[in-house]
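>>> any chance you can model this:
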Amino acid sequence: MSYNRTRREFVRDIGVSVAMLPFLGNLPSFADSRSAARKQRLIIMFSPDGTVPKTFWPDTEGADFQFKEILTPLQPFKDKTLILRGLSDKIRGDGDGHMRGIGCLLTGIELLPGNVQGGSDTPAGWASGISIDQEIKNYLQKNPATKTRFGSLEFGVMVPERADTWTRMSYAGANKPIAPIDDPYQMFSKLYGHVKDQETLKSVLDDLKDDLIKVKANVSIEDRKILDEHTSIVREMELDLKNAGSKDVGHAVPVQEPAIRRDNDNIPAIAKQQIDLLVNSFSADFARVATFQFTNSVGQARMHWLNVNEGQHDLSHEPDSNLPAQEKLTKINQWYCSQMAYMAKRLSETPEPGGNGSLLDNTTIVWTNELGQGNSHTLDNIPFVLVGGGLGFKTGRSLKYAHLPHNRLLLALAHGFGHDIAKFGNADMCADGILTGLI
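Numbers count the residues shown, from 1 in each chain. Now for the predicted structure:
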């Protein structure tokens with residue numbers, strides 16, 4: 001059934017609230033021939049302070065690799081995983097390793113002069129160019145066939161409230177950092193237009209109950225199935241948000257505190273809710289590009305739920321000879337990997353609305369870091385792990401390169417979307433073109 005009407009015209013004609021629009025965005029009946037193509041998506045996930053090389057990088061290349069301890073949570077997705085070793089952030093200039101690590105990670109270009117002092121290096125400011133996630137977003141938003149409601153969504157988990165070079169990785173342009181949203185209530189409010197905290201969180205679906213009945217009576221069987229899936233996910237999210245807020249926190253909670261406190265020990269709960277919201281936003285086609293940022297460069301999370309009481313950044317400075325510290329850092333990075341695995345699992349369980357396969361078949365998740373290793377502050381061998389089929393890269397492999405500029409991977413991400421730019425970030429790093437061996 002084809003209605004030859006826009007979503008807004010449909011809403012107007014059957015007399016329902018414009019609040020229904022988010023639930024109609026991915027229904028096949030409102031898709032035209034231009035949007036029938038596969039919906040490609042990208043998620044870039046960040047965790048800080050480098051990795052532990054000996055428990056991270058596989059010993060062998062090619063398809064016969066075995067996961068080391070940190071990457072074992074990805075075992076169910078081995079055939080969908082691509083590990084890239086030997087990519088280096090070769091951008092130099094102002095700022096310390098952590099600052100250039102996160103500020104140049106997705107921009108591939110130098111930091112501007114500024115007054116943020118890092119370590120013993122020269123002070124610096126924001127990045128001097130756009131980040132690859134926003135470059136791809138802009139490319140998709142220019143085409144009516146790939147334009148979405150938000151274009152991109154920036155998720156965070158315990159990102160510090162301060163705004164400085166260590167806390168931002170996405171940039172709309174030179175000197176234009178984008179702050180991630182690290183409160184699930186604020187993200188829910190952005191997606192569905194409701195308030196941000198549990199005390200006043202009204203049910204979106206209860207408010208639209210009558211409208212949903214009316215819409216279902218006027219759409220196809222396929223549309224009803226997708227609408228039911230979307231509303232089911234939203235209902236689960238509403239319950240998760242409310243139930244999390246009702247848990248006993250062990251002391252009297254002041255009225256002004258949100259239901260899920262922005263607290264170190266709540267990182268696992270916040271991460272789960274943010275991942276669920278991200279998957280839901282992709283299912284509803286709110287956006288096709290997202291970033292997911294855990295804490296910040298120089299991140300100092302204390303992962304008590306792993307029986308690790310030291311701050312992550314402090315541990316990352318310990319020498320390789322400190323085996324207990326290395327074991328704790330391995331557990332920390334394995335936990336971050338488990339979050340990527342949960343993200344992949346949720347995407348794999350979610351059917352592609354109006355299409356074939358799952359969301360994971362059409363999404364590429366990139367997990368990366370601002371450093372190769374924390375105790376040396378090296379920008380060589382930046383971790384890049386990719387999962388999913390969104391960009392058509394050949395997965396199920398571990399590849400090793402000879403310390404190539406990571407700009408070439410950023411180029412490849414753009415090309416994967418059909419955005420065939422010749423350079424990105426510092427042009428000198430792109431002289432040899434996109435990263436080879438991915439397809």
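
>>> pLDDT below threshold where in the stretch 251-400 of the chain?
Counting by pLDDT under 70, the stretch 251-400 of the chain contains low-confidence residues at 251-261.

>>> tell me which residues in stretch 217-225 are buried?
Burial within stretch 217-225, assessed by neighbour count using 16 or more other C-beta atoms under 10 Å, is assigned to 219, 223. Just so you know, the C-beta spots here come from the backbone N, C-alpha and C atoms, and that holds for glycine as well.

>>> likewise stretch 119-134?
Taking 16+ other C-beta under 10 Å as the criterion, stretch 119-134 shows 121, 123-134 as buried.

>>> neighbours around the nearest residue to residue 308 once chain neighbours are set aside, how many?
Using C-beta to C-beta, 6 or more residues apart in numbering and skipping residues adjacent in sequence, the residue nearest residue 308 is residue 328, 4.8 Å away. For residue 328, the neighbour count with other C-beta atoms under 10 Å is 22.

>>> my guess is residue 328 meets residue 311, correct?
No. Contact between residue 328 and residue 311 fails when scored by C-beta atoms under 8 Å: they sit 10.7 Å apart.

>>> phi and psi next, for residue 396.
Backbone torsions for residue 396, taken as degrees, to the nearest 10, come to phi 70, psi 30.

>>> what's it in contact with, if anything?
63, 78-82 (C-beta atoms under 8 Å, 6 or more residues apart in numbering).

>>> all the helices of this protein, in order from the start?
Using DSSP state H, the helices found in the chain span residues 7-14, 21-24, 97-103, 132-141, 184-192, 204-207, 209-216, 221-246, 267-283, 312-316, 323-349, 407-416.

>>> any chance of those in TSV, with distance to residue 151 too?
Compiled in TSV, the helices of the chain are given as follows (distance: least, C-beta to C-beta, whole Å):
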stretch	distance to residue 151
helix 7-14	17
helix 21-24	15
helix 97-103	22
helix 132-141	4
helix 184-192	13
helix 204-207	22
helix 209-216	25
helix 221-246	20
helix 267-283	11
helix 312-316	32
helix 323-349	19
helix 407-416	15
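
>>> out of these, which is the most enclosed?
Ranked by mean neighbour count under mean count of other C-beta atoms under 10 Å, the helices of the chain are led by helix 97-103, which reaches a mean of 27.

>>> tell me what that helix is packed against?
Judged by 3 or more C-beta pairs under 8 Å, 6 or more residues apart in numbering; DSSP states H and E, helix 97-103 is in contact with no other helix or strand.

>>> would you put the C-alpha positions of it in CSV?
Written as CSV, here are the backbone C-alpha positions of helix 97-103 (Å, rounded to 0.1, in the frame of the first residue of the first chain):
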residue,chain,number,x,y,z
GLY,A,97,49.3,13.3,23.8
HIS,A,98,45.9,13.0,25.4
MET,A,99,44.7,16.3,23.9
ARG,A,100,45.9,15.5,20.4
GLY,A,101,44.7,12.0,20.9
ILE,A,102,41.1,12.8,21.3
GLY,A,103,41.0,16.1,19.5
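
>>> from the buried residues of stretch 119-134, which is closest to residue 42?
Nearest to residue 42 among these is residue 133, at 7.0 Å by C-beta to C-beta.

>>> ok, now which ones touch the closest one?
Residue 133 neighbours (C-beta under 8 Å, 6+ apart): 42, 44, 106, 152, 170, 289-291.

>>> cool, residue 56 as well?
Contacts of residue 56 by C-beta under 8 Å, 6+ apart are 68, 70-71, 333, 383.

>>> make a ChimeraX selection of the buried ones in those.
Isolation of the buried members of these (16+ other C-beta under 10 Å) is achieved in ChimeraX through the command below:
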select :68,70,71,333,383
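
>>> adding distance to residue 226, write the contacts of residue 56 out as CSV.
Below are these laid out as CSV (distance: C-beta to C-beta, whole Å):
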residue, distance to residue 226
68, 40
70, 37
71, 34
333, 37
383, 36
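
>>> tell me how far residue 115 lies from residue 95.
Note on residue 115: its distance to residue 95, by C-beta to C-beta, to the nearest Å, is 11 Å.

>>> who has more neighbours, those two?
The neighbour comparison of residue 115 against residue 95 (other C-beta under 10 Å) goes to residue 95, with 30 against 8.

>>> apart from its neighbours in sequence, what residue is nearest the more buried one?
residue 124 (3.4 Å).

>>> show the pLDDT at the closest residue to residue 123 other than its chain neighbours.
Once flanking residues are discounted, residue 123 sits nearest to residue 117: 4.6 Å by C-beta to C-beta, 6+ apart. Looking at residue 117, its pLDDT reads 81.

>>> in stretch 379-396, which residues are buried?
For stretch 379-396, using 16+ other C-beta under 10 Å, the buried residues are 379, 381-391, 393, 395.

>>> same list, these, but as CSV with distance to residue 361 please.
What follows is these, written out as CSV (distance: C-beta to C-beta, whole Å):
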residue, distance to residue 361
379, 33
381, 29
382, 27
383, 24
384, 21
385, 18
386, 14
387, 11
388, 7
389, 5
390, 8
391, 11
393, 13
395, 11
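
>>> now, the most widely separated pair of those?
Greatest spacing in the buried residues of stretch 379-396, by C-beta to C-beta: 379 and 389 (29.3 Å).

>>> against residue 49, how distant is the residue lying closest to residue 114 once chain neighbours are set aside?
Nearest residue to residue 114 in three dimensions, chain neighbours excluded: residue 125, at 2.3 Å (C-beta to C-beta, 6+ apart). Here the distance between residue 125 and residue 49 works out to 22 Å (C-beta to C-beta).
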